[in-house]
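Trainee: coordinates only, no sequence provided:
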């Protein structure tokens, strides 16, 4: 079970911090990721963090602006969004890798477990 929070309306250049609270599985054993889907577009990879927390990966479009992190003791994964742009407007989803101790991947089919999403709107 995954539940996102922290979305909202923000002006361009602003920041948000998204959280995803997990339950029902051994959170520390799973690579986690954030995806987003803008209206009329396909869901796209944003960032992922290895189950151990030591390695991360980012889409080129967010690299240097977004930061993914996790606190295994709190069973929570975070996405810090800085330098937001109107193009970042989307529903943001956290997702769990299909396999315990799986590696970093960017394809949605590797993450069969999703939260309901949180909406981020960036005004110009």
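Mentor: Arrived safely, thanks for sending. Just so it is clear, the structure is predicted and the values come from calculations on it, not from any experiment.
Trainee: next, name the residue at the spatial heart of this structure.
Mentor: residue 34 (2.2 Å; CA atoms, centre = their mean).
Trainee: for that one, give its distance to residue 6.
Mentor: 11 Å (CB to CB, to the nearest Å). No exception for glycine: its C-beta is placed from N, CA and C like everyone else's.
Trainee: ok, now residue 103?
Mentor: From residue 103 to residue 6 the distance is 27 Å (CB to CB).
Trainee: comparing those two, which residue is more hemmed in?
Mentor: Shown here are residue 103 and residue 6; by other CB atoms under 10 Å, residue 6 has more neighbours (16 against 13).
Trainee: so who does that one touch?
Mentor: 16, 17, 18, 19, 118 (CB atoms under 8 Å, 6 or more residues apart in numbering).
Trainee: may I have the beta-bridge partners of the residue nearest to it when sequence neighbours are not counted?
Mentor: The shortest distance from residue 6 to any non-neighbouring residue, by CB to CB, 6 or more residues apart in numbering, is to residue 18 (4.2 Å). Residue 18 has these beta-bridge partners by DSSP bridges: residue 79.
Trainee: adjust the sequence numbering to begin at 43 for everything that follows.
Mentor: In the new numbering, first residue 43, that becomes residue 60.
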